[in-house]
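# What follows is a predicted structure for the sequence shown.
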Amino acid sequence: MIGQILATTWKDLKILLKDFGGLATLFLMPTMFIFVMTLALGGLFNRGGDNPIEILVVNNDTGAIGSQIVEELRATEGFTVETEWDGETLTRAKAEALIVDEKRSIAVIIPANFSDTIERSVFDTPTDETPQKARIDLVVDPTLSSQIVGPVKGTLKGLGQQALMTGVAPRGIDLFLDQIDQSSDSPMSTEARESLREKAVRSTAGGGDTSSVLEVVQMQPAGMEIEKLPNSVQQYVPGWTLFGVFFIAQTLATSLLEEKKVGTFRRLLVAPMSRAALLLGKLTPFLIVNLIQIVLMFAVGVFIMPLVGAPKLELGQHPEALILISLAASLAATGLGLLIAALTKTAEQISGLGTLLVVTMAALGGVMVPRYIMPDFMRTIGLISPHAWALTAYQDVLVRGYDVAHILPEVAALMGFAVVFFGVALWRFKWD
């Protein structure tokens, strides 16, 4: 009996070893997940040290309080402060342009006369011309997670409070001590005054309510039109829709393999039909299925998700742009299916290679893990995935309110993927 088991085992091992491509994918798949997900999610588990939050800082204040906030922010663990870009001092316009271009996601703007505004708010007798509050502008890409924005905003409030107490409190204490001296018959000695002043400064440096004179205001960059801040539905409905669209590549490749096995291609090749027309006829149904799938998935976001307590998927100010993105993404997915069919010989290879490519591209493209929490090099690598371009284009319309003109670069990139996939597939495709 043991000999029969061993014989059967050896027979199946030889069959598996003959299909080396299909066997290799069994090892490549978990390896891919380990590398991609570990690198991509590194920022989620460690926001300090090797993967800090990059913050653009524009300090237009000439006083001491603004400079102190910048220096304390620079010294805070988990943040990288950038006050220059390409060797030039950052301006508000440049910082906002970098966010719009998706090179950075968050900027801190300290306005001119910030220190003066705080001091006037604290010490001047209130009049109609007295400023009510000093303000720090926190300019944020609307797609940035609140898990990142929240700590930055909280840190700014804390540093503002600390700078206010250490920068303004000494002057207030001096005024208070002057009043004591003026009302007393025997003024304090210099030593007693300095000792009392030092103790008062230490006691106020760590606390105090500054909300009446200082506020941090969150806003999006100028020119970035949005209807509302993003939510989980706006991230994951288009993301997982793209995952399904590209997964149809396996079905397409399997269908082409079956056509070869049963000899359909041989019979069709003798018909008065060009090979290009034959392939187009074969691919068009899958393109149609992809478009229907996109419509249905977006309909789920619009009509079904609110019924279970999730936010409704808003289609943005220019929903017509979604049609162009969907068509380009579907063409790229169809081209990928043809490429997989051209590179494989068995159903096992199609399953392995197809899953490997689709899942890897989805992970790199931000479907499973939002790209904004990935390190810079991972975001750069992700550009080799059509998912990254398609998801960015969808969010440009759904979240930022962009029109067709703004998403043309992403659409052009998707069409480039489609052309490359189709070109390589036709070069390698075997008709029998």
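Happy to help now that I have it. Residues are numbered from 1 along each chain as shown.
# quick one: least confident helix or strand in this structure?
The weakest-scoring helix or strand in the chain, judged by mean pLDDT, DSSP states H and E, is helix 42-45 (a mean of 48).
# Tell me the first helix or strand C-terminal of it.
For helix 42-45, the succeeding helix or strand toward the C-terminus, using DSSP states H and E, is strand 53-59.
# List the buried residues in the helix or strand residue 412 falls within.
Residue 412 belongs to helix 404-428 when assigned by DSSP H and E. Residues 406, 407, 410, 411, 413, 414, 415, 417, 418, 421, 422, 425 are the ones in helix 404-428 that count as buried (16 or more other CB atoms under 10 Å). In short, each C-beta sits where N, CA and C put it, glycine included.
# Flag whichever of those scores worst on pLDDT.
Across the buried residues of helix 404-428, the smallest pLDDT goes to residue 425, namely 83.
# And the contacts of the helix holding residue 412?
Residues outside helix 404-428 that contact it (CB atoms under 8 Å, 6 or more residues apart in numbering): 279, 318, 320-321, 324-325, 328-329, 331-332, 334-336, 338-339, 341-343, 386, 389-390, 392-393, 396-397, 400.
# Among these, name the buried ones.
Here, 16+ other CB under 10 Å leaves 279, 318, 321, 324-325, 328-329, 331-332, 334-336, 338-339, 341-343, 386, 389-390, 392-393, 396-397, 400 buried among these.
# For residue 162, see how far away residue 69 is.
According to CB to CB, to the nearest Å, residue 69 and residue 162 sit 8 Å apart.
# can you check residue 314 too?
Per CB to CB, residue 314 is found 40 Å from residue 162.
# which residues of the stretch 1-150 of the chain score low on pLDDT?
For the stretch 1-150 of the chain, applying pLDDT under 70 flags the ranges 1-51, 119, 121-132, 143, 145.
# What segments of it are helices?
Applying DSSP state H, counting those that start in this stretch to the stretch 1-150 of the chain gives helices spanning 2-18, 20-40, 42-45, 64-75, 92-100, 114-123, 146-183.
# ok, now the stretch 251-400 of the chain?
Using DSSP H, counting those that start in this stretch, the helices found in the stretch 251-400 of the chain span residues 264-269, 275-299, 320-343, 347-364, 376-381, 386-398.
# Give me the buried stretch members for the fifth one, please.
The one in question is helix 376-381. Using 16+ other CB under 10 Å as the test for burial, helix 376-381 gives 378, 379, 381.
# Let me know the closest of those residues to residue 247.
Nearest to residue 247 out of those is residue 381 (CB to CB; 21.2 Å).
# Can you give me every residue that contacts the closest one?
Listed by CB under 8 Å, 6+ apart, the contact set of residue 381 reads residue 364.
# distance of it from residue 358?
If you measure residue 381 against residue 358 using CB to CB, the figure is 17 Å.
# how long is stretch 370-377 end to end?
In stretch 370-377, first residue to last residue: 14 Å (CA to CA, to the nearest Å).
# model confidence over it, on average?
Per-residue pLDDT values over stretch 370-377 give a mean of 76.
# Tell me who's in contact with the nearest residue to residue 297 once chain neighbours are set aside.
Leaving aside its sequence neighbours, residue 297 sits nearest to residue 241 (CB to CB, 6 or more residues apart in numbering; 4.0 Å). With contact set as CB under 8 Å, 6+ apart, residue 241 has these partners: 293, 294, 297, 298.
# Please repeat the previous calculation with a cut-off of 7 Å.
294, 297, 298 (CB atoms under 7 Å, 6 or more residues apart in numbering).
# Could you measure from the residue nearest to residue 407 when sequence neighbours are not counted over to residue 411?
Nearest residue to residue 407, sequence neighbours excluded (CB to CB, 6+ apart): residue 393, at 4.5 Å. Using CB to CB, residue 393 is found at 6 Å from residue 411.
# Next, show the common contact partners of the two.
Counting by CB under 7 Å, 6+ apart, the residues touching both residue 393 and residue 411 are residue 325.
# and residue 237, how many neighbours?
For residue 237, the number of neighbouring residues by other CB atoms under 10 Å comes to 21.
# element containing it?
Counting by DSSP H and E, residue 237 is found in helix 232-261.
# buried stuff in that helix?
Under the neighbour-count criterion of 16+ other CB under 10 Å, helix 232-261 has 233-239, 241-250, 252-257, 259 buried.
# can you give me the angle it makes with helix 347-364?
Interaxial angle, helix 232-261 versus helix 347-364 (axes from the mean of the first three to the mean of the last three CA atoms, to 10 degrees): 160 degrees.
# tilt between helix 232-261 and helix 320-343?
Counting by the same axes, to 10 degrees, helix 232-261 points 30 degrees away from the direction of helix 320-343.
# what's the angle between helix 232-261 and helix 275-299?
Using the same axes, to 10 degrees: helix 232-261 against helix 275-299 is 150 degrees.
# returning to what we had before: who's more crowded, residue 69 and residue 162?
Neighbour count, other CB under 10 Å: between residue 69 and residue 162, residue 69 has more, with 27 against 18.
# my guess is residue 393 contacts residue 323, does it?
No. The pair residue 393 / residue 323 is not scored as a contact, 11.6 Å apart, by CB atoms under 7 Å.
# Roughly how far does residue 107 sit from residue 215?
Taken as CB to CB, the span from residue 107 to residue 215 is 17 Å.
# Oops, could you answer that again for residue 327 instead?
With CB to CB as the criterion, residue 327 and residue 215 are 46 Å apart.
# quick one: which of the two has more around it?
More crowded of residue 327 and residue 215, by other CB under 10 Å: residue 327, with 18 against 15.
# can you pull the contacts of residue 66?
59, 110, 114, 115.
# Kindly reformat the residues you listed as a markdown table and extend each row with neighbour count and distance to residue 430.
A markdown table is the format used below for these (neighbours: other CB atoms under 10 Å; distance: CB to CB, whole Å):
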| residue | neighbour count | distance to residue 430 |
| --- | --- | --- |
| 59 | 20 | 64 |
| 110 | 24 | 64 |
| 114 | 25 | 69 |
| 115 | 23 | 74 |
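# Pop out the phi and psi values for residue 346.
Backbone torsions for residue 346, taken as degrees, to the nearest 10, come to phi -130, psi 160.
# burial measure for it, as a count.
Per other CB under 10 Å, the neighbour tally for residue 346 reads 13.
# can you check residue 68 too?
Per other CB under 10 Å, the neighbour tally for residue 68 reads 19.
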